[in-house]
Structure formats: C-alpha cells, structure tokens
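A.B. asks: when you get a sec, could you give me coordinates for this:
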Amino acid sequence: MFLGEYEYVVDEKGRVPVPPRYRDMFRGGAVVTRHLDRCIALYTPADWEQVSKQFAALPVTRSATRLTNRTIFSGAFTVDMDRQGRIILPQPLREYAQIRNGVTIAGAGMNLEVWSRESWAEQRKLMDEQASTIAESVDITPWRT
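C.D. replies: Purely as a prediction, here's the structure:
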C-alpha cells in the first residue's frame, strides 16, 4: 500500500525520484498514465495488470467506459527507474498534469499520484474542507460503527 506525501523537483530531462521507501517495488519498471483530477498515476507492473483487467472488464457499449479507457490507456507509458531511483515523466503527461518544476508524490493506496505542487495544494485544501462531507457519501464499510 502506498502512503504519505513526498516533495520533489523534476529535473530538466523530466526525471523525478521515486520515494526511497518504494523503490524496491519499482525495480522491475513502472507504468505512468493520466489519472483523474489532472494528476499522473504511477503503478507497479503487477498493480497495473490488475487495473488493466478491471478496465477491460467494463462494458464497451457504454460511452463513459470507452472515454475512460481512452484516457487511461492512451496516456500510459512504461518507464524504468535509473540507478539514482528516478523515473522519467513523459512530456505529454507533464503537460496534462501541468507539471513545470515542483511535484508532490502522494500515496493513494494501490498507486502513487504525481501532482504539480500547485494542484496538490488545491487538492489538499479541498480535502481539508470537504473530508467529512465526502466521507458521508462514500460507503466505507470498515469505518462503520
């Protein structure tokens, strides 16, 4: 499970460090793709395989499924981690996520999310302001009393 928040700078070649505590999980490579809310999702190959199967199982007769699949799969890239523990964020993904320099890498359970610092600040504000309201609308079975 991916947890926490990590601040980094993207270098001139588009490389960003993977948080040290997770580097062993990405030794075999990674998949980066467009994600919801204008961020980049970073998956281990095994987790990407699971996510791919879930999306492939959705009914393609629904336009929302086709659009979601196009968004996720057409924006997916396989990347390798270098000896310094960095991966390249492809230019189209940096443009999509509006990443110029500073990023926040946030744990999101099954994957990591890469956000521009500005977008992450907005997201944090939204989470802080609306967490209770959002939690009431989501079925979070383990939290039930």
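A.B. asks: in space, what's closest to Leu112 - neighbours in sequence excluded?
C.D. replies: Nearest in space to Leu112, with sequence neighbours left out and distances taken as Cβ to Cβ, 6 or more residues apart in numbering, is Leu42 at 4.2 Å. For glycine as for every other residue, the C-beta is placed from the backbone atoms N, C-alpha and C.
A.B. asks: from Val60, how far off is that neighbour?
C.D. replies: The spacing between Leu42 and Val60, counted by Cβ to Cβ, to the nearest Å, is 26 Å.
A.B. asks: what about the two, which has more around it?
C.D. replies: The residue with more neighbours, out of Leu42 and Val60, is Leu42; 26 against 9, by other Cβ atoms under 10 Å.
A.B. asks: what ranges do the strands span in the chain?
C.D. replies: 5-9, 15-17, 30-35, 39-43, 77-79, 86-88, 102-107, 112-116 (DSSP state E).
A.B. asks: nearest to Gln50, of those?
C.D. replies: strand 39-43 (8.8 Å; Cβ to Cβ).
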